[in-house]
Each structure stands twice: as C-alpha cells, then as structure tokens.
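Participant: Pasting the sequence and the predicted coordinates here, then a few questions.
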Amino acid sequence: MAEMNNNAVKAGPGEPLLKVEDLEVVYTSRQEVVQAVNHINFEVRRGETLGIVGETGAGKTTTAYSIMRILPDRTAKILNGKIIYEGEDLLTLPENVMRNTIRGEKIAIIFQDPMSALNPIMRIGDQIAEALKYHNKEDLTPEQISEKVDQTLELVGIQKGRRYDYPHQLSGGMKQRVVIAIALVCEPELIIADEPTTALDVTIQAQVLAMIDELRETLGTALILITHDLGIVAQMCDNVAIMYAGEIIENGTVEDIYSGKMQHPYTTGLFGSLPDLEKKTDRLSPIDGLMPDPTDLPKGCKFNPRCPRCMDICREQTPPEIVDGTHRVACHLYAGMGQAAKAAEQVKEEA
Amino acid sequence: MGEPLLTVKNLKKYFPTKAGMLHAVDDVTFTIDEGKTLGVVGESGCGKSTLGKTILRLIEPTAGEVILDGVRINELSKSQLKKARLNMQMIFQDPYSSLDPRMSVAELIADPLIVNRVMSGKKQIEAKVDELMDTVGLASRLRDAYPHELDGGRRQRIGVARALALDPKFIVCDEPVSALDVSIQAQILNILMDLKDQKGLTYIFITHDLSVVKHISDDIAVMYLGKCVEKAPSEVLFAEPKHPYTRALLAAIPVPKVEKRHSRPQIIRGEVGNPIEPKPGCRFAARCDQCSERCLGRDIPLIETSPGHFVSCTLYEDQ
C-alpha cells in the first residue's frame, strides 16, 4: 500500500507547494560572520517527503527555521533568496501575517527535543488546544475544540484520558507524540520535522516514524524530514537533499542517491561511515578531518580539504551542478557527464 | 582457551526509591575472554550503564561477583581497589561533561598518570602524553587547548587517551560514540578497533546502536529491564535472533537501503515497563505477541540453545 502511495505522490501535479530559491543565511556576531546556509535551492510538492541529510553544522536546522521565519532575529540574517509557498514569498510577508496565517496553520514544525519543546506547567491537552484556539479557521466552539484535541491525541496513539497530564508524567516517546499532535492539530499542508526521533530509542523511533508515515498518507501532508540518519531517509523519503557546509551538494530521488551512480564523494563518505548490518567489515571508511569552520570556508568546493578524490580545480572553482534527470550533484568529478554534456555531444554529432 | 579475563556472576544492583526497590541490574551473569569485545545493547533505562559502572565498582553492587584477571573486585579494600583500577578503565558517553573544562588537553591526559602515581618525572609524563595523543590521533598543537575549543570527536579522543594512559587490560566503553556525527563516529570506532588489535584490549561496549555493536563486538548481550535476555556471538545474534525482544529490536533498525523500503515487519507496541519491584516472570511479557501463561509468575532461566547462544524465553525451554 505504501509503495503505491509513493508512486501516486511522485506523479503529483505541477506547481511545487514550497520552493526555496537561492537562500543565503548568515549569523553575525561582533567578531565574525558565520555562513550557515549558502545559496540553496529545493522544492517540495504536495504530499511529498523530502529528506534533508547532513551532519551537525551543515545548515539543516537553519534552513528549517528560515522557512518558518523563527531564526533568532538579533544574530541571524537572511541575505538573499526567496521562500515561495503557494506562489507567495514568505520572506516578504509582515510578521503578523506570517503568525496568523502561515506558521502553525499551513506550515508546522516538530522540534528535535520533545523534552524542551513542551511547556512543563501546562496540561498537554491545553497545549494542543492552544494552537487550535489561536488559528481557529473554522470558528470552532470550545466543545468542538475539546473534541478535536481528543481526536488528535487518539491519532497519535495517546489515550484521550491523558490530556490532563503534564509533560513530566509522560515518557520521551509520548512527549514526542504530543509535539506531533500539536503540529497536526491545525491540519497543516507542510510539516517540517527537525530530527524528530533522534532523542528516542529504536523501538520507539520505529513507532513514531511509522505513525508519521501513516499520518502523511491519510492526511496528504507534505513533509520535510531533517535527519542525519540515512537509514530513516531510505525508509521514509521520496526525495533527498544532502547538505554540507551550508550547501546542497547532491539531491534527487532516493533511488538516485542510494544507487551510488554519480555520487558526491561526501555522500560516499557518509555511507562508508555506516557499519553494514549484512556484511562483516573490519574497518569503516570514514571521512577524514572535520567540517570546515563556517566563518572561514575553503575556496572552491567546500568539501575539498576532506575529499579523497580532490583535484586541482576543486581548490579553485566552485563545482558546477551536474544534472541527470532528477539527480543533481555539485562536483567537478562529473563535469563531462549529465544532461548538458549529453545534449552538447548530440549537437556535435548532428553537426 | 584458558580462564576468561572477566567473570561476572549473578550481579545485581538495586536502587532504593520511594516507590520501592528499582531493579537496575538483576542477576546478570557472563564471561569475556581476553582480547574479546562484549557488546551490551538495550534501550534507555534497561540498566546497561549501571551494569558497566557496577562491574568497575564505580557503583557498589547489591549482590554478585566480579572477577577480573583472577582478582575478586568486590572483596578489595579501598586502596586495593585503586590499584585494581589501573587495569580497568572507562570511556564515558558524553565527552562534553566528562572532561574538566579548566584543564588543557595535555593536563587532562596526564591526570590519570599523576593521580595514580605511575609516573613522576615531568619529562617522562610529557613523553607519555605525546605518545597517547599520537595513538588517538590528536595533533600535538592541541596540547594546550581547552575542551571548549574542541569538537565532540576530538573531546572523545581525549576520553580514549585518558582511559589508555594506565595501560589497562579492560575498558568499559559506555556509549562512546552516541554523541558524535556519523563520520566522526566511524573515526573513533576505527581507533578503538585498532587499539584492540594492537594491545589486545578487552572491551565491554555499551550502546543502543545495533549496527555499531555488530561492527565492534565478538559477542552481544541484549538487556531488557535489568535482565540479560539473550547472548550470542554477534554474527549468530543477527542471523538468528531468538528472543522476541531481540527480533523486534533488530526489525526496528532503519536500513540505509532503498530495496528495504517500507519493509518494516513488525513493530512492538508499548513502552519499556516499570523497573520498580518487577513481578517474577518475563519482563518483556507485556509487549510480547508470543506471551503465554508460562511466561508469568516465575523467573525464566537463561538457557544455552546452541553453543554460545543463550536465551531467556519460554519458547526455547523445551528444546
């Protein structure tokens, strides 16, 4: 069933729901400028799941916060770019419009740490109702709101009797379910889940992921899933964007990324770092070195100091984006490949 | 094969709480041969960290015996224990909180040498620190850096260097890579495996990450609510998991392969139960879909179903 649905989603109609264009975000302090997100582009269609993968400091959360417009306003600055949601650039909207009609209502976010995302002195039922009361697009009466809270709790697998509990009375997995319930209650069109299961145990993680997947199918919600776990991406996502040092260095469908063809050396390194459950390997082949300092990014390809296949050109020039169907990779290695090259060859032949 | 390096017999650790006795580690028995790695897996609250600390007597056990290299750890006096600790060390989970923020890298690594008075000459200590930093892959320019200047991976390297400083035979690694990014995680795992090969170290490797544990361990023990429910050589455990909990745990790992997409077989319902004053019987019974009356009311023994493969489940009792 799940597979069928995936296919249906992939064929989804034309215009993307969300389109991020050339986004650039920096954090400034008195001494330095941190380049958190550098000119990224991606889109999400209705009902589709996009996985954003990367390590700590890759700019995943900054991207999510930019879409929601909840970046810390004193230090963060969006220098450039557009975030187009249903044809409208969110970055140009006044804050009150953003708050009243977009945030929580059309786009909701699930934060990484359920322990700190909930208000410790408020009953969970009230926390779920809060979002609904604020947005209340259907003019629900208090009784209807209360009923909707019960329904949402049931949807995420919590008995409705527990709506009077405080967060400390719940386990980590249940708290995350409450956070998800808060995100779902207004029936948003897009959910951004920022490492939703990182703080949870594997069996609970499996429960929560299965639930998110099921809800996405029944409600048709689009999902941006931010994670560092390539296993989760393979299970959950239609499309994948791999981020490194604030850039999307490779994106495409899961099949594109996991097939290993025309793979960015960083992506190869990420896979090499994972112990294989089926084969016995003595040594892992991790990526040498560390993420570059975001206040002082290397010239050319940002990955060049750690890249095992680095060439001279990589230290000088920003790599071009090579496109092959749905698969895009920013790497000099594949300069002679992809659609553009094929097309050029064809022109030559014809001539 | 001669005597095992470490023997743990009927080890128990109960914590008194207002609601009653919390059975953190409940009657755990195993042995590890020299140069081997035992992986201990389980979810949070199953008692795996307590097990590690109780073996090293960082926490006093409630009952049971630990014999390391012929020494009965539980019978040692305080000063004898201090000496025994030269042989057994620990690498902690969180490299952010296990290092003194006011000590430099060189001081942190020299610290165990000075505290245990194994070396006194300044030059001698310096040379040893250099050697250790080299072993764990810390650049010598970082000698005078402080922990806050370093990333998690480098901090964990300091943790490894500190554990190695006294040339122990046995190290308990308590989730040493859980706080790290995958690429850094792989670097640390490689260091630990190289050290094992070079120095013949014996590890207990505690983790919740099953793919990591399979990679590094010779044997794996699966814990659930203080009990060891299954123990087997790591290949065998992954090929033929027997306990329903082990099977559920393995099924829950998201596999980074597209072909395995949406193939999640069964997901266990519910959550880990209460470790306070548990009733006799299988602790997993409430979440188990193969639970029968036989599973309740009595303790289920750990039986050897094939050489080296132990399981505590009524499904295998008659074999």
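Facilitator: Looks like it came in fine. Numbering: from 1, shown residues only, chains lettered A, B, ... in the order given.
Participant: what's the neighbour count on residue A:230?
Facilitator: 24 (other C-beta atoms under 10 Å in any protein chain shown). Just so you know, the C-beta spots here come from the backbone N, C-alpha and C atoms, and that holds for glycine as well.
Participant: repeat for residue A:144
Facilitator: Look at residue A:144: counted by other C-beta under 10 Å, it has 13 neighbours.
Participant: Tell me where the stretch 251-351 of chain A has helices.
Facilitator: Ranges of helices within the stretch 251-351 of chain A are A:254-259, A:265-272, A:312-316, A:338-350, based on DSSP state H, counting those that start in this stretch.
Participant: Between these, which one is closest to chain B.
Facilitator: Shortest distance between chain B and the helices of the stretch 251-351 of chain A, using C-beta to the nearest C-beta, is found for helix A:254-259: 4.4 Å.
Participant: returning to what we had before: okay if I get the helices of the stretch 251-351 of chain A as JSON lines plus mean pLDDT and distance to residue A:232?
Facilitator: Converted to JSON lines, those look like this (pLDDT from 0 to 100; distance: least, C-beta to C-beta, whole Å):
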{"stretch": "helix A:254-259", "mean pLDDT": "93", "distance to residue A:232": "11"}
{"stretch": "helix A:265-272", "mean pLDDT": "92", "distance to residue A:232": "13"}
{"stretch": "helix A:312-316", "mean pLDDT": "93", "distance to residue A:232": "30"}
{"stretch": "helix A:338-350", "mean pLDDT": "74", "distance to residue A:232": "28"}
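Participant: would CSV of those with distance to residue A:32 and mean neighbour count be doable?
Facilitator: Shown next, in CSV, are the helices of the stretch 251-351 of chain A (distance: least, C-beta to C-beta, whole Å; neighbours: other C-beta atoms under 10 Å in any protein chain shown):
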stretch, distance to residue A:32, mean neighbour count
helix A:254-259, 33, 20
helix A:265-272, 25, 21
helix A:312-316, 23, 15
helix A:338-350, 36, 11
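Participant: Is it possible to get JSON lines of the ones you listed that adds distance to chain B?
Facilitator: Formatted as JSON lines, the helices of the stretch 251-351 of chain A follow (distance: least, C-beta to the nearest C-beta, whole Å):
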{"stretch": "helix A:254-259", "distance to chain B": "4"}
{"stretch": "helix A:265-272", "distance to chain B": "6"}
{"stretch": "helix A:312-316", "distance to chain B": "19"}
{"stretch": "helix A:338-350", "distance to chain B": "21"}
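Participant: Those helices: which one's closest to residue B:237?
Facilitator: helix A:265-272 (23.9 Å; C-beta to C-beta).
Participant: can you list contacts of that closest one?
Facilitator: By C-beta atoms under 8 Å, 6 or more residues apart in numbering or on different chains, the residues outside helix A:265-272 that reach it are A:53, A:230, A:242, A:244, A:249-250, A:257, A:260, A:284-287, A:303, A:306-309, A:331, A:333, B:182-183, B:186, B:256.
Participant: send the alpha carbons of that helix over as CSV?
Facilitator: The C-alpha coordinates for helix A:265-272 follow below in CSV (Å, rounded to 0.1, in the frame of the first residue of the first chain):
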residue,chain,number,x,y,z
PRO,A,265,32.4,11.9,-2.5
TYR,A,266,30.8,13.3,0.7
THR,A,267,27.7,11.2,0.2
THR,A,268,30.0,8.2,-0.4
GLY,A,269,31.8,9.0,2.8
LEU,A,270,28.5,9.2,4.8
PHE,A,271,27.6,5.7,3.5
GLY,A,272,31.1,4.4,4.2
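Participant: and the longest helix along chain B with helix A:265-272, angle?
Facilitator: The longest helix of chain B (DSSP state H) is helix B:182-199. Orientation note: helix B:182-199 sits at an angle of 50 degrees relative to helix A:265-272 (axes from the mean of the first three to the mean of the last three C-alpha atoms, to 10 degrees).
Participant: Show me what helix B:182-199 packs onto, helices and strands only.
Facilitator: Helices and strands touching helix B:182-199, as assessed by 3 or more C-beta pairs under 8 Å, 6 or more residues apart in numbering or on different chains; DSSP states H and E, comprise helix A:265-272, helix B:152-164, helix B:210-216.
Participant: rerun at 10 Å
Facilitator: helix A:265-272, strand B:37-41, helix B:122-135, helix B:152-164, strand B:170-174, strand B:202-207, helix B:210-216 (3 or more C-beta pairs under 10 Å, 6 or more residues apart in numbering or on different chains; DSSP states H and E).
Participant: And chain B, is the helix or strand hosting residue A:24 touching that?
Facilitator: Using DSSP states H and E, residue A:24 sits in strand A:18-28. No. For strand A:18-28, no contact with chain B is found by C-beta under 10 Å from any C-beta of the partner chain; the gap never falls below 17.7 Å.
Participant: Relative to the helix or strand following that strand, what are the paired strands and their orientations?
Facilitator: Later in the chain than strand A:18-28, the nearest helix or strand by DSSP H and E is strand A:33-44. Strand A:33-44 sits in its sheet next to strand A:18-28 (antiparallel), going by DSSP bridges.
Participant: Which residues belonging to the strand it pairs with are considered buried?
Facilitator: A:18, A:19, A:20, A:23, A:24, A:25, A:26, A:27 (16 or more other C-beta atoms under 10 Å in any protein chain shown).
Participant: about what we covered before: weakest of the helices and strands packed on helix B:182-199 in terms of mean pLDDT?
Facilitator: Looking at those, the lowest mean pLDDT belongs to helix B:210-216 (a mean of 89).
Participant: Just want to check the distance between residue B:208 and residue B:39.
Facilitator: Counting by C-beta to C-beta, to the nearest Å, the separation of residue B:208 from residue B:39 is 11 Å.
Participant: do residue A:72 as well
Facilitator: Residue A:72 is 41 Å from residue B:39, by C-beta to C-beta.
Participant: What of residue A:178?
Facilitator: Between residue A:178 and residue B:39 the distance is 33 Å, computed by C-beta to C-beta.
Participant: swap in residue A:129?
Facilitator: Between residue A:129 and residue B:39 the computed distance is 45 Å (C-beta to C-beta).
Participant: and these two? which has more neighbours close in?
Facilitator: A direct count of neighbours by other C-beta under 10 Å for residue A:129 and residue B:39 places residue B:39 higher, at 27 against 22.
Participant: Do you know the pLDDT at residue B:16?
Facilitator: pLDDT for residue B:16: 93.
Participant: average pLDDT across the strand holding residue A:24?
Facilitator: For strand A:18-28, the mean pLDDT works out to 95.
Participant: Would you mind extracting the C-alpha trace of it into PDB?
Facilitator: The C-alpha trace of strand A:18-28 is given here as PDB (Å, rounded to 0.1, in the frame of the first residue of the first chain):
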ATOM      1  CA  LEU A  18       7.200  25.100  -1.400                       C
ATOM      2  CA  LYS A  19      10.100  26.400  -3.400                       C
ATOM      3  CA  VAL A  20      13.300  27.600  -1.800                       C
ATOM      4  CA  GLU A  21      15.400  29.700  -4.200                       C
ATOM      5  CA  ASP A  22      19.000  30.800  -3.700                       C
ATOM      6  CA  LEU A  23      18.600  31.100   0.100                       C
ATOM      7  CA  GLU A  24      21.500  32.500   2.000                       C
ATOM      8  CA  VAL A  25      21.600  32.900   5.700                       C
ATOM      9  CA  VAL A  26      24.400  34.200   8.000                       C
ATOM     10  CA  TYR A  27      24.800  34.600  11.700                       C
ATOM     11  CA  THR A  28      26.800  37.600  12.800                       C
END
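Participant: where exactly do the strands run in chain A?
Facilitator: Assigned by DSSP state E, chain A shows strands spanning A:18-28, A:33-44, A:49-53, A:76-85, A:88-89, A:107-110, A:190-194, A:222-227, A:239-244, A:247-253, A:321-324, A:327-330.
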